[in-house]
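[1] Dropping the sequence and predicted coords here.
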Amino acid sequence: MNSSILTRLHQGLAPFLTTVRNASKKTGGSSRNPPKHPRPKHRGWKVQDGHHVSAGTILVTQRTTRFHPGLNVGFGKNGTLFAMEHGKVYVTCEKIDPNWDHTWVQRCYAGREGQTIYKKFFNVVPAPQHQRFKLIDEI
C-alpha cells in the first residue's frame, strides 16, 4: 500500500469506509400455532318475557330456527326475530303442525312423526291506545 494512503488513514483524512450488513435469518413467516378463536357472536334472547319494547327492537338472534315469530314479530333473513310494533313481549310454548311433505321438515323432524311438537314463539302485544281523541269532523 502506498505510504500516503496509510498516513491519511492514521490522520482520519481517508474517505469513509461503510459496510453493509445483511439479515442473517429469513423474515418471519406463518407459524404452526392454531388460529385464535373468533369473536363470540352473542346469539340468543335479547329481550326477556314481560319487557316493553319499541318497534324494530331485536328480540332474538339465532343461527337455526329455535324460536319462531308470533304476533307482531318479524323474521329476518338471518333468523333474527324483531318487534314490528310497540308493546309487551310474551314468550309462549305452542304446539305446531309441520307440513310433512316439505323436505326441510322431513330432515329437521325425522323420527318425530305422530308426536306433538312444541316450539317457543315470541309475541308482541301492542300497548292499548289512550282513547284521548276528539271527533273534529265526520265524513
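    Received it, and whenever you're ready, just let me know what you need.
[2] all contacts plus neighbour counts: C-alpha atoms, from now on.
    Noted.
[3] for Ile96, what are its contacts?
    By CA atoms under 8 Å, 6 or more residues apart in numbering, Ile96 lies in contact with Thr116, Ile117, Tyr118, Lys119.
[4] same deal with Asp97?
    The contact partners of Asp97, by CA under 8 Å, 6+ apart, come to Thr116, Ile117.
[5] how far away is the residue nearest the centre of the chain from Arg63?
    For the chain, the residue nearest the mean C-alpha position is Lys41 (4.6 Å; CA atoms, centre = their mean). Using CA to CA, to the nearest Å, one gets 10 Å for the distance from Lys41 to Arg63.
[6] quick one on the thing from earlier: nearest to Phe82, of the contacts of Ile96?
    Nearest to Phe82 among the contacts of Ile96 is Lys119, at 17.3 Å by CA to CA.
[7] Quick one: neighbours of Lys120, just the number.
    17 (other CA atoms under 10 Å).
[8] Also Pro126?
    Using other CA under 10 Å, Pro126 has 18 neighbouring residues.
[9] Tell me where this structure has helices.
    For the chain, applying DSSP state H gives helices covering 3-11, 103-108.
[10] weakest of those helices in terms of mean pLDDT?
    Of all these, the minimum mean pLDDT falls on helix 3-11 (a mean of 61).
[11] For stretch 120-138, which residues meet the burial criterion?
    Within stretch 120-138, the residues scored as buried using 16 or more other CA atoms under 10 Å are Lys120, Phe121, Phe122, Asn123, Val124, Val125, Pro126.
[12] For Ala55, see how far away the first one is.
    Translated: Lys120. The gap separating Lys120 from Ala55 is 21 Å, by CA to CA.
[13] Name the spans of the protein whose pLDDT lies under the cut-off.
    For the chain, applying pLDDT under 70 flags the ranges 1-17, 26-31.
[14] List the residues that contact the closest residue to Thr80 other than its chain neighbours.
    Once flanking residues are discounted, Thr80 sits nearest to Thr61: 4.6 Å by CA to CA, 6 or more residues apart in numbering. Taking CA under 8 Å, 6+ apart, we find Thr61 in contact with Arg43, Gly44, Trp45, Lys46, Gly79, Thr80, Leu81.
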